[in-house]
Every structure is written in C-alpha cells, then in structure tokens.
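In: Here's my sequence, what's the structure:
(one chain, ligands or ions: 1)
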Amino acid sequence: MTPYMTQQTIPVDGADCRQAFSPSEMDLREQLVRFGRWVHRLGYTPGTAGNLSVRLDANLILSTPTGCSKALLHAADMVIVDNQGNKLSGMRNVTSEIGMHLAVYRMRPDVQAIVHTHPPIATAFAACGKALDEPICSEIMMTTGLVPLAPYATTGTEEVSASLEPFIPRHDAVLLANHGLLTYGSSLPDAFMKTETVEHFAQVCLSAHQLGGAKPLHERDIEKLQQARARYRLNASRGPSCS
Ligand SMILES: [Zn+2]
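Out: Have a look, this model is predicted:
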C-alpha cells in the first residue's frame, strides 16, 4: 500500500480532510481546487469542461474527477490513478480525458502538472484549424514558445494521446483541433500561467488580424528570445516554485 492509498471513506472537506491526507498531498489537492476555480472564473471551463492533474510521485497521479464543475470542487473530490489510469483512491471517477495527461507524464518526466481547458479564443483558433504559430509577441516566445495544433481526435479515446504524442517532447502547450488547449509544466501554477498566457496570445493574434495583420518579430530577435527562454527555464528549475 502506498502512503496515498489511505482512505476508503473520505471525509467531505475541511479539518477532517486535513487529517486524512499527508500535508504534501493535501497541499496538491488544495492547489487543484484553487486553480480549478481560477480557470472556471476566467471562463476557460464552462459546464463540466476541463481537467487538471498533478504528480504525487513517479507512479501516481492526482486528478480532478469527471462530470464536475471546476468551480465546485473540494479537496476530497480528487482521484488518484496509477500510470495506466487505474483508479486507486477517491469517491468519484477520474476525468474521461486522463489518457492525454498520462501520455504527457509518460513522455515528459520533467512535467509535474497539467491543465486542460477550453478557453474561448484559443479554442476558436483550434476550431478553425489554425495553430498559434506566428512569432508576433515576445511574451509567448518566452513562456511556451509557439503553440502547435494537434489533429482532431475523439475526446476520451486513445486517439487523443496519439494525436498529441508528436508534439509533447518539444512543446509545453498544444492546441487540440476542434476541442481546446493543453498546457503543462513544473508545477500547477506554472501550467496554469501557460494556459492564461496562450489565451492572451490568441486574443492578441485575433485582434492583430482584425487590425490588418501583425508584423512578425525578426529572425535574430526570435533567436535571442529562444536563448533567453532556455536560460529562464534553467533558472526556474533550480529556484523555488510559487503556489
Ligand atoms: Zn476537453
């Protein structure tokens, strides 16, 4: 039994919940609640859309459940699965989109957290078959790099992982055709901020097109930004993360 498989009957929330889980697990459960509410408040997860997950350790994933508003989640609602997606603990069932999370964790040992949402502008690009691949803003070049578009795949099936796999090693944010956005990083705050940055970039791209078309960054400036991003990522991996 792992230290995370402690509860068959999980209390609803609050002080009882704190006693049920280790401090580190409780912190990650509360982060999922906090960032779930945040993406919902921003309009990125209408209805029951979207899902978030974090690594508990090398073999276990803590995920949001299926069929729940991200505005209404409690720490005790989260579900623990293994690397194959088998449920190990939790009152609810895991998100039906856990497969694409597992594909990212499998291919990227450095990734600690994943955020999947349907932000309206980025999803509109995905619905139009357009990647966010124009180098027109320095911020996106520093944060995620340009955002590719994975081919359409039926949600909740193995097709989604297969469509994503070519992009996972070299990208931290991927648009899913006719579906939404997937971002991931070294922590839940990191993955969340990438989501926020991509949606902002999508808004800027849309506005720039409406204004007659943006002027792309010069090649030499793109190279400088790519070098700066590589340095930034190295420093971030050494420093403390915020939560
Ligand atoms: Zn989705």
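
In: What are the buried residues along the one helix or strand Ala202 maps to?
Out: Using DSSP states H and E, Ala202 sits in helix 188-210. Using 16 or more other C-beta atoms under 10 Å as the test for burial, helix 188-210 gives 188-202, 204-205. Glycine gets a C-beta too; all of them are placed from N, C-alpha and C.

In: for stretch 92-104, same thing?
Out: For stretch 92-104, by 16+ other C-beta under 10 Å, it's Arg92, Val94, Thr95, Glu97, Ile98, Gly99, Met100, His101, Leu102, Ala103, Val104.

In: What segments of this protein are strands?
Out: Remark: strands assigned in the chain by DSSP state E are 51-55, 60-63, 79-82, 87-89, 113-117, 149-150, 173-176, 180-185.

In: and His218, how many neighbours?
Out: Using other C-beta atoms under 10 Å, His218 has 10 other residues around it.

In: same question but for Leu28, I mixed them up
Out: Counted with other C-beta under 10 Å, residues neighbouring Leu28 total 23.

In: pLDDT at the residue lying farthest from the centre of the chain, what is it?
Out: Within the chain, the residue lying farthest from the chain centre (C-alpha atoms, centre = their mean) is Gly212, at 31.9 Å. The model reports Gly212 with a pLDDT of 94.

In: what's the answer for Arg238, then?
Out: 62.

In: Going by residue numbers, what spans are helices in the protein?
Out: With helices called from DSSP state H, the chain shows them at 14-20, 23-41, 98-107, 120-127, 138-143, 158-164, 188-210, 219-238.

In: is the residue nearest the centre of the chain in a bridge, and if so with what?
Out: Central residue of the chain (C-alpha atoms, centre = their mean): Val115, 1.8 Å from the mean position. Beta bridges link Val115 to Leu52, Thr183 when assigned by DSSP bridges.

In: any idea how far Gln226 is from it?
Out: For Val115, the distance to Gln226 (C-beta to C-beta, to the nearest Å) stands at 23 Å.

In: Kindly report the same for Gly99.
Out: Separation of Gly99 from Gln226 (C-beta to C-beta): 31 Å.
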